[in-house]
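Undergrad: Fold the following.
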Amino acid sequence: MTSADKGLRLQDATLGYDGRVICDRLTFHVPDGEFTAIIGPNGCGKSTLLKALGRTLRPSSGRVLLDGGDIRAMRPKQIARRVAALPQHPIAPESLRVRDLVARGRHPYHSVLRQWMPGDAEIVDSAMAATGVTDYADQLLTELSGGQRQRVWIAMVLAQQTDYVLLDEPTSFLDLAHQIELLHLCQDMRADGRSVLAVLHDINQAARYASHLVVMKSGRVVTQGPPEEVLEAGLVADVFGIDGVIERDSQSGSPMITVRSRLGAPRRAGAR
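TA: Numbering: from 1, shown residues only. Purely as a prediction, here's the structure:
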């Protein structure tokens, strides 16, 4: 296997729903060792790309490759030990308790003869502590708020201990404090050697916390790279339809967009 074959990637993949093409012959390689944020306007293919990489959407043509092998030819547990994916709206049985859901992250490492492995309990406890859900361990998921449930799902992904972590709008339902905690957690996963790919809607959060940005528009990748190299006023105007100024965050030094107006917005009477 050559270095070009390593990693998780799409190769000439056509993706869509019910005959409607969203991404046509898209080739994309998940940046190894980075916390990558995918940004772009609604409907541009961000979640579609993530679903294909996470095996919940099968390309109508092209392939999804993991270390050079087509994932369709791999066993589910083999893939689940390498790739963890959290969709926008995950579903679990209503009778499930928090600890039991987080423990599901360990299932890829179990067998019919051995349902619990040495160290599993410590990994589950550590994942719950990292996401701040330890106090809810024995509660039913239905007893939690949307934000609390989201953190439990993130804990399950952490417990899975994969090389690649795919998160589709992971900050949904979270208040600002927990959004920031989650983004720091993504940075921690990167520091631990994992490759994190997340769909984010807040461009300034993406620019501040991610090490790599992927900008999408109309089903294709427009550009990608470090935030300070990617974000510039012309790109923001073209992709998002926003007249903005690129400044520097006074705390982190990362690029930050200050919006002046929406391009093409009707002028209000008396506005100057």
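Undergrad: burial of residue 140, as a residue count?
TA: 14 (other C-beta atoms under 10 Å). In short, each C-beta sits where N, CA and C put it, glycine included.
Undergrad: Cross-check the contact I'm expecting between residue 67 and residue 5.
TA: Yes: contact criterion C-beta atoms under 8 Å: residue 67 and residue 5 qualify, at 6.3 Å.
Undergrad: pretty sure residue 10 contacts residue 55?
TA: No: in this structure residue 10 lies outside contact range of residue 55 using C-beta under 8 Å: 11.9 Å.
Undergrad: Tell me which of the two has more neighbours.
TA: When residue 10 and residue 55 are compared for neighbours, residue 10 comes out ahead with 22 against 18, by other C-beta under 10 Å.
Undergrad: Which stretches in the stretch 101-250 of the chain count as strands?
TA: Taking DSSP state E, counting those that start in this stretch, the strands of the stretch 101-250 of the chain run over residues 164-168, 195-199, 212-217, 220-225, 242-248.
Undergrad: got the angle between the first one and strand 195-199?
TA: By that I understand strand 164-168. Computed by axes from the mean of the first three to the mean of the last three C-alpha atoms, to 10 degrees, the angle separating strand 164-168 from strand 195-199 equals 10 degrees.
Undergrad: any residues in contact with both of residue 10 and residue 55?
TA: residue 64 (C-beta atoms under 8 Å, 6 or more residues apart in numbering).
Undergrad: Which one, of the strands of the stretch 101-250 of the chain, ends up nearest to residue 40?
TA: Nearest to residue 40 among these is strand 212-217 (3.7 Å), distances taken as C-beta to C-beta.
Undergrad: Adjacent strands (with direction) for the closest one?
TA: strand 35-39 (parallel), strand 220-225 (antiparallel) (DSSP bridges).
Undergrad: ok so, going back, make TSV from the strands of the stretch 101-250 of the chain and add mean pLDDT, mean neighbour count and distance to residue 138 to it.
TA: Compiled in TSV, the strands of the stretch 101-250 of the chain are given as follows (pLDDT from 0 to 100; neighbours: other C-beta atoms under 10 Å; distance: least, C-beta to C-beta, whole Å):
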stretch	mean pLDDT	mean neighbour count	distance to residue 138
strand 164-168	97	24	26
strand 195-199	97	25	29
strand 212-217	97	23	39
strand 220-225	96	16	43
strand 242-248	90	15	46
